[in-house]
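Colleague: Sharing a model that was predicted from the sequence below.
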Amino acid sequence: MAGEPVNVNEFEELARKVLPKIYYDFFSGGAEDQYTLKENIEAFRRITIRPRILVDVSKIDMSTIILGHRTSAPIIVAPTSSHQLAHPEGEVATARGAAACNVIMGVAFTSTCTMEEVASSCKAVRFIQTFAFKREITANMVQRAERNGFRAIILTVDTPRLGRKEAVIKNKMIAPPFKNFEGLISTEVVSDKGSNVEAYAAETLDPSFCWKDIAWLKSITKLPILIKGVLTGEDATKAIEAGVAGIIVSNHGARQLDYTPATISVLDEVVHAVQGKVPVLFDGGIRRGTDIFKALALGAKAVLIGRPVIYGLAAKGETGVKQVIEMLKNELEQTMALAGCCTVDDITRSHVFTETERFLCRM
Ligand SMILES: Cc1cc2nc3c(=O)[nH]c(=O)nc-3n(C[C@H](O)[C@H](O)[C@H](O)COP(=O)(O)O)c2cc1C
Ligand SMILES: CCCCC(=O)C(=O)O
């Protein structure tokens with residue numbers, strides 16, 4: 001690739017060049033056969049856009065409100081771990097990039113900078129992401145999130161144990177110190193099985209956590225809870241019954257259970273089950289503004305961006321994060337103008353044509 005990157009896929013190329021292979025493999029990889037990893041991207045290609053013509057598109061407004069927070073676009077930085085493996089400034093640089101673009105920053109509890117360091121680094125609206133950890137870890141996280149001005153809790157529920165990323169296992173990757181755990185678990189978690197990432201997970205996760213435990217989490221915090229990892233209408237209905245403030249359709253960027261469907265192909269089902277009762281957010285495979293448009297058309301309130309942000313961070317630190325988000329924003333703006341949508345609310349279900357619909361048309 002010659003010159004500056006012109007799309008987020010070219011940022012991946014830059015990142016691949018600067019990162020040690022073992023870290024590039026960690027960031028880019030998925031579980032086992034990586035069927036879902038490919039599908040998350042491919043399924044977007046099978047959805048086409050139904051544009052409307054002769055609409056006054058002289059002004060395009062991408063702004064939206066997510067859990068009461070106005071943001072410049074329906075984009076959230078997905079919580080992803082270990083940013084210092086991509087860049088020495090880690091999550092602090094990512095959060096500053098998000099703040100510069102006025103989008104929400106998702107901070108993983110398995111970050112390499114502490115929650116406190118990220119909180120004091122910039123004014124980005126921040127959500128903290130947690131797993132179904134053992135209760136004493138969750139209770140500690142909640143207190144610190146409230147004290148440090150985090151605005152929501154993202155509870156990731158697709159990880160009762162860690163998915164098998166075979167490249168990580170083969171490379172015997174050693175996890176960086178996850179500083180948020182300091183004082184809570186032994187920071188010297190090591191394993192003779194190769195990668196110690198799994199040892200971390202085994203030490204901290206509570207695989208017995210289930211639906212009733214959401215009531216417990218709600219009882220110890222006033223922060224709204226977003227449940228991340230919903231892939232079926234049945235679970236969306238249960239999540240609403242459990243009282244969550246929002247649902248994130250996600251397969252963890254294809255890093256947990258392989259052979260789950262591409263997230264974009266189950267969005268319709270989840271949105272249908274939710275019936276507008278809570279906002280539905282979406283992640284997995286977003287690489288283009290057209291992908292964001294498709295997710296919004298299928299009913300997502302906003303999308304979370306995982307790997308592209310990490311690639312921006314690896315390539316150029318805070319500036320790279322900002323450039324990746326700006327690129328996606330510019331592409332979404334362009335898509336809205338060419339499809340005849342002036343605001344995000346103008347984007348409707350009838351603006352896309354899915355694979356199923358194409359199939360039915362042929363019958
Ligand atoms: C390197 C990496 C680390 C991740 N770490 C976490 C995490 O700690 N917690 C979590 O809920 N999701 C994690 N995810 C999943 C993301 O939040 C998100 O669901 C996924 O990356 C979206 O897909 P995309 O990368 O195609 O945008 C991680 C993803 C990647 C690529
Ligand atoms: C123990 C770290 C978990 C990070 C994670 O969720 C992922 O790599 O997908």
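Modeller: Perfect, I can see it now. Ligands and ions are numbered 1, 2, ... in the order given.

Colleague: list the contacts for the one residue sitting closest to the centre of the chain?
Modeller: In the chain, the centroid-proximal residue (CA atoms, centre = their mean) is residue 78; its distance is 2.9 Å. When contacts are counted by CB atoms under 8 Å, 6 or more residues apart in numbering, residue 78 touches 106, 253, 283, 304-306, 309. Quick note: C-beta positions are derived from backbone N, CA and C, even for glycine.

Colleague: ok, it to ligand 1 distance?
Modeller: Distance of residue 78 to ligand 1, computed by CB to the nearest ligand atom, to the nearest Å: 4 Å.

Colleague: try residue 301
Modeller: Residue 301 is 16 Å from ligand 1, by CB to the nearest ligand atom.

Colleague: what about that residue, how many neighbours?
Modeller: Under the neighbour criterion other CB atoms under 10 Å, residue 301 is assigned a count of 21.

Colleague: residues in contact with it?
Modeller: Residue 301 makes contacts with 64, 66, 74, 246, 279-281, as judged by CB under 8 Å, 6+ apart.

Colleague: Which of the residues you listed fall within strands?
Modeller: Judged by DSSP state E, the contacts of residue 301 include 64, 66, 246, 280-281 as members of strands.

Colleague: so which strand or helix has the closest residue to residue 293 other than its chain neighbours?
Modeller: Leaving out its chain neighbours, the residue that sits closest to residue 293 by CB to CB, 6 or more residues apart in numbering is residue 335, at 4.5 Å. Residue 335 belongs to helix 307-339 when assigned by DSSP states H and E.

Colleague: do stretch 101-109 and ligand 1 meet?
Modeller: Yes: with CB under 6 Å from any ligand atom as the criterion, ligand 1 is reached by stretch 101-109 at residue 108.

Colleague: mean confidence for that stretch?
Modeller: The average pLDDT within stretch 101-109 is 98.

Colleague: May I see the buried residues of that stretch?
Modeller: Buried residues in stretch 101-109, counted by 16 or more other CB atoms under 10 Å: 101-109.

Colleague: hmm, which two among the residues you listed are most spread apart?
Modeller: Taking CB to CB as the measure, the buried residues of stretch 101-109 span a maximum distance of 24.1 Å, between 102 and 109.

Colleague: Give me the residue ranges of this structure where confidence is low.
Modeller: Where the chain drops to pLDDT under 70, the residues are 187-195, 363.

Colleague: and it, which residues reach ligand 2?
Modeller: Counting by CB under 6 Å from any ligand atom, the chain sits next to ligand 2 at 81, 110, 197, 200-201, 252, 255.

Colleague: can you rerun that using 8 Å?
Modeller: 26, 80-82, 108, 110, 131, 156, 159, 162-163, 165, 168, 175, 178, 197-198, 200-201, 204, 252-253, 255-256 (CB under 8 Å from any ligand atom).
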